[in-house]
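Colleague: Have a look at this prediction, sequence included:
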Amino acid sequence: MDYSNQDVLVSTQWVADNLGDTKIRVIEVDYDPKPNYFLGHIPGSILIDWKKDINDPLTRNIIDKTTCENLLQKAGVNDDTILVLYGDFNNWFAAFAFWVFDYYGKKNLKLMNGGRKKWLDEDRPITKDIVSYTRGNFVSHQPNTSIRVFLNDVKNKIQSNDVVLVDVRSTKEFTGEITAPPEYPTEHAQRGGHIPGAHNIPWSLAVNDDGTFKSANELSTLYANNNIVPDKEVITYCRIGERSSHTWFVLKYLLGYPNVKNYDGSWTEWGNMIDNPIEK
């Protein structure tokens, strides 16, 4: 059994074989570029800083349509450019960028399987050179509302038998034993627990030890065994929307589920809101 959409995932070897192709743009997306991109990156790749470039600093929201268009144009991205994303933290933030760019209509999007870690583990070439490209002509589309969900939508849907929520955080976060993930131990929520009725399927169960995605058969079995099936609307969430983007990518693109939405407000919104119901 192959992935539903083989084209969205490329190997490190594919990237290495296509370095220098002017129709392909490689972008590294990092939560913190200082110990990552600036210490060495795939030759020819452009940096996107997740905190500065993908998030609006005032509205606690993702960037708007115009800002997304400008960001990709500055990276030399055209409408027909093949855009390959990879990054730190097992591609969490690359998957988030994939979701944002998909939201604004970019086609020919791909993730590099295994991310930055696999490229380095294979001792492939890196550079500290910062490159720039001629401004591209990418034009953003109106937001694709079929892949995103907001707080009130979730509140209205948690009692529906046709909707399932997937909490992709660690089990200790899900149960409320801890209120901050191990990766960000100082970033606590006001309350621990999860959205009522949510299923806990940690993002990490979808990947192998080297950070690559598990096979289509393994992924299909993982979610089906937890009653996450294609005939339901599936909403993924985590703490800030990056790990849930990773699982959203698995369900929508690798398994081909027709109705998958990312709740990027996630636990930082739900767990900190007054009067929101939670379970532990």
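Modeller: Okay, I see it.

Colleague: average pLDDT across the one helix or strand residue 268 maps to?
Modeller: Under the criterion DSSP states H and E, the helix or strand holding residue 268 is helix 266-270. Regarding helix 266-270, the rounded mean pLDDT is 95.

Colleague: Same question for stretch 34-41.
Modeller: Per-residue pLDDT over stretch 34-41 has a mean of 97.

Colleague: Could you tell me the per-residue confidence at the closest residue to residue 208 other than its chain neighbours?
Modeller: Excluding the flanking residues, the one nearest residue 208 by CB to CB, 6 or more residues apart in numbering is residue 214, at 5.9 Å. Bear in mind the C-beta positions are built from the backbone N, C-alpha and C, glycine included. pLDDT, residue 214: 98.

Colleague: What separation is there between residue 214 and residue 164?
Modeller: 20 Å (CB to CB, to the nearest Å).

Colleague: and if you look at residue 142?
Modeller: Residue 142 is 27 Å from residue 164, by CB to CB.

Colleague: And for residue 233?
Modeller: Separation of residue 233 from residue 164 (CB to CB) stands at 7 Å.

Colleague: How about residue 245?
Modeller: Distance, residue 245 to residue 164, using CB to CB: 17 Å.

Colleague: out of the two, which sits in the more crowded spot?
Modeller: Neighbour totals were compared for residue 245 and residue 164, and residue 245 leads with 28 against 20 (other CB atoms under 10 Å).

Colleague: So the more buried one belongs to a helix, correct?
Modeller: Yes - looking at residue 245 with DSSP: H, G, I helix; E, B strand; the rest coil, it is inside a helix.

Colleague: Let me see the contact set for it.
Modeller: 92, 95-96, 98-99, 236, 262, 264 (CB atoms under 8 Å, 6 or more residues apart in numbering).

Colleague: Helices - which of the residues you listed land there?
Modeller: Counted as lying in helices by DSSP state H, out of the contacts of residue 245, are 92, 95-96, 98-99.

Colleague: Just the strands from the stretch 151-280 of the chain, written as ranges.
Modeller: In the stretch 151-280 of the chain, the strands defined using DSSP state E, counting those that start in this stretch lie at 163-167, 199-200, 233-237, 260-262.

Colleague: Brilliant, that's me finished.
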